[in-house]
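*Asks:* Sharing a sequence plus its predicted fold:
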Amino acid sequence: MRRFWKSYNLSTVLATLFVISWVIQTWTGWMEFAAEQASHGESAQVWGSSGYVWNWGRTTFENWQSEMLQLFTMVVLTSFLVHRGSAESKDSDEEMQRALERIEDRLNSMDAGPTGATRAPWEPTVRAG
């Protein structure tokens, strides 16, 4: 069990939070549905043509639809569009690569010997004298 928790703790916590929030949504939805049915002088039923299961399914899929559309939109748009400087944009990777290349070029020019040849970092420097 300890190994399972160590390997899958993120998934376990997210699944637990999901189930807890779904149970709370179901319970609060039932309370609202029962109150509405009582205000119309009817008894609240889970099944049947006017049962709670239809209201529950509609609200559940509305929530999932809005969340999935939001996530899908963010994934698709951030893969094609750029917002300079944001972590999701491609430009930050390209700028980082250019900066690393500039740093490497400067380091290589600093390591150049008297003949202009570049030495490997593990090679000792030869000093005259």
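*Replies:* Received it, and whenever you're ready, just let me know what you need.
*Asks:* Surely residue 27 is within a helix?
*Replies:* Yes - Residue 27 forms part of a helix when assessed by DSSP: H, G, I helix; E, B strand; the rest coil.
*Asks:* how close does it sit to residue 41?
*Replies:* Distance from residue 27 to residue 41, counting by C-beta to C-beta, to the nearest Å: 23 Å. (Each C-beta comes from the backbone N, C-alpha and C, glycine too.)
*Asks:* Tell me which of these two has more neighbours.
*Replies:* Using other C-beta atoms under 10 Å as the criterion, residue 27 and residue 41 rank with residue 27 on top: 10 against 6.
*Asks:* check contacts around the residue most central in space within the chain.
*Replies:* Most central in the chain under C-alpha atoms, centre = their mean is residue 71, positioned 8.7 Å from the mean C-alpha point. The contact partners of residue 71, by C-beta atoms under 8 Å, 6 or more residues apart in numbering, come to none.
*Asks:* Make sure it is indeed in a strand.
*Replies:* No - looking at residue 71 with three-state DSSP, it is helix, so not inside a strand.
*Asks:* pLDDT score for it?
*Replies:* Model confidence at residue 71, expressed as pLDDT, equals 85.
*Asks:* what do you get for residue 21?
*Replies:* We have a pLDDT of 91 for residue 21.
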